[in-house]
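Engineer: this one's structure only:
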C-alpha cells in the first residue's frame, strides 16, 4: 500500500483549496492509498514534517501552499536525506514554481499525476544552509514579499503585493546598491537596482523574467539590473512582460553554476518570497536534487 503525506498551509488560499484537499484525500483513499494529513501552524513546520517523512516510510508527499511552503518541503527533503517525490498543489498568493511547471490543480487530474507516477528530478539553488526552488533576489522591491502582512495576503491575494510595491517605489527608485559580483561567466563591481538568481523563468508572477531558465539544466539564471535613469527603468519593466528586458543595455543576463554577491551596505536577500538573510552570499546550483510529480 502506497503512503502519501499531505502537508498544507491552512492560511494559503481559501475554502476552494480546502475542498480540493478533501477531494484529493478521497480519490487517493478510494484507490488504495494510505493518506496522512498535517496542517502547518508556523514557520518551518512543513520542513520539519518533511524531515520526519524522510525518516519514516512515506512514499510521497503532497504539499499545498505558496512558494514559501514549497520551499520548506524542498529544504526538508535535502536535510532529510531521502529524495521522496513531491506533488505540488498550488495555493497561496504567488505560486511561481507550480505555474512555471504547469502543474494540475483539479483533484482528479492531480491524483492521476500521482497514481501514474509521472516524476522528474529538478535543480535547487543553495546558499549555505538555505535552499531555493525558484529564486534568490535582492534590491529594488525584493523585500515586498516579506513586508506584506499575512492577513493582507489572505484577503487581497496577489493585489497585496502590488499595493505594497506601489508604496515602496518612491522610497527605492533612486537607491542603487554597490555590489561586487564574482562568477566564472561574469564578474564586476557596479551599482545596481536589483539582482535575481533564478531556477525557473517565472518570478513574482512575471512569467518571462528569466526567459531562458530551465529547472533541469544544472544552471542558475542570473539577472542584474544596473542603476538606471527613470525612463530606462520604465522601459526595462515594460519589456519584462515579453521577456525582452534582457536585451536592454542596463540588464546583464547569464547562466552559471555558482555566483558570489557582496555589498558595501546591508542588503536583504529574499528566498522564494521569504526573508533569507543579508549579503554577502554565494549561490550555487544543486542539480536534480528535488523530485517532483509532473
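Structural biologist: Perfect, thanks for sending it. Because the structure is a prediction, the values reported are computed rather than measured. Residues are numbered from 1 along each chain as shown.
Engineer: and the lengthiest strand in the chain, which residues are buried?
Structural biologist: Longest strand in the chain by number of residues (criterion: DSSP state E): strand 281-293. Buried residues in strand 281-293, counted by 16 or more other C-beta atoms under 10 Å: 281, 283, 285, 286, 289, 290, 291, 292, 293. To be clear about C-beta, it is placed using only N, CA and C from the backbone, and glycine gets the same treatment.
Engineer: The closest residue to residue 102 other than its chain neighbours: neighbour count?
Structural biologist: Using C-beta to C-beta, 6 or more residues apart in numbering and skipping residues adjacent in sequence, the residue nearest residue 102 is residue 294, 7.9 Å away. Residue 294 has 15 neighbours, counted by other C-beta atoms under 10 Å.
Engineer: likewise residue 116?
Structural biologist: When neighbours are counted by other C-beta under 10 Å, residue 116 registers 9.
Engineer: what's the distance between it and residue 57?
Structural biologist: Residue 116 sits at a distance of 22 Å from residue 57 (criterion: C-beta to C-beta, to the nearest Å).
Engineer: and what of residue 31?
Structural biologist: Counting by C-beta to C-beta, the gap from residue 31 to residue 57 is 19 Å.
Engineer: neighbour-wise, which of those two wins?
Structural biologist: residue 31 (12 against 8).
Engineer: Mind pulling the model confidence for the more buried one?
Structural biologist: Looking at residue 31, its pLDDT stands at 97.
Engineer: and the closest residue in space to it that isn't next to it in sequence, how many neighbours does it have?
Structural biologist: Nearest residue to residue 31, sequence neighbours excluded (C-beta to C-beta, 6+ apart): residue 115, at 6.2 Å. Using other C-beta under 10 Å, residue 115 has 15 neighbouring residues.
Engineer: what does residue 215 give?
Structural biologist: Neighbourhood size, residue 215 [other C-beta under 10 Å]: 22.
Engineer: Test my guess that it contacts residue 198.
Structural biologist: No - at 9.8 Å, residue 215 does not count as touching residue 198 under the criterion of C-beta atoms under 8 Å.
Engineer: quick one: common contacting residues for the two?
Structural biologist: Residues within reach of residue 215 and of residue 198 at once, by C-beta atoms under 8 Å, 6 or more residues apart in numbering: there are none.
Engineer: which residue ranges form the strands in the stretch 151-294 of the chain?
Structural biologist: Along the stretch 151-294 of the chain, counting by DSSP state E, counting those that start in this stretch, strands occupy 177-183, 188-198, 220-226, 251-256, 258-263, 268-271, 274-278, 281-293.
Engineer: Can I get these in JSON lines including mean pLDDT and distance to residue 121?
Structural biologist: Below are these laid out as JSON lines (pLDDT from 0 to 100; distance: least, C-beta to C-beta, whole Å):
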{"stretch": "strand 177-183", "mean pLDDT": "96", "distance to residue 121": "24"}
{"stretch": "strand 188-198", "mean pLDDT": "94", "distance to residue 121": "18"}
{"stretch": "strand 220-226", "mean pLDDT": "95", "distance to residue 121": "16"}
{"stretch": "strand 251-256", "mean pLDDT": "97", "distance to residue 121": "19"}
{"stretch": "strand 258-263", "mean pLDDT": "98", "distance to residue 121": "20"}
{"stretch": "strand 268-271", "mean pLDDT": "92", "distance to residue 121": "21"}
{"stretch": "strand 274-278", "mean pLDDT": "92", "distance to residue 121": "24"}
{"stretch": "strand 281-293", "mean pLDDT": "98", "distance to residue 121": "4"}
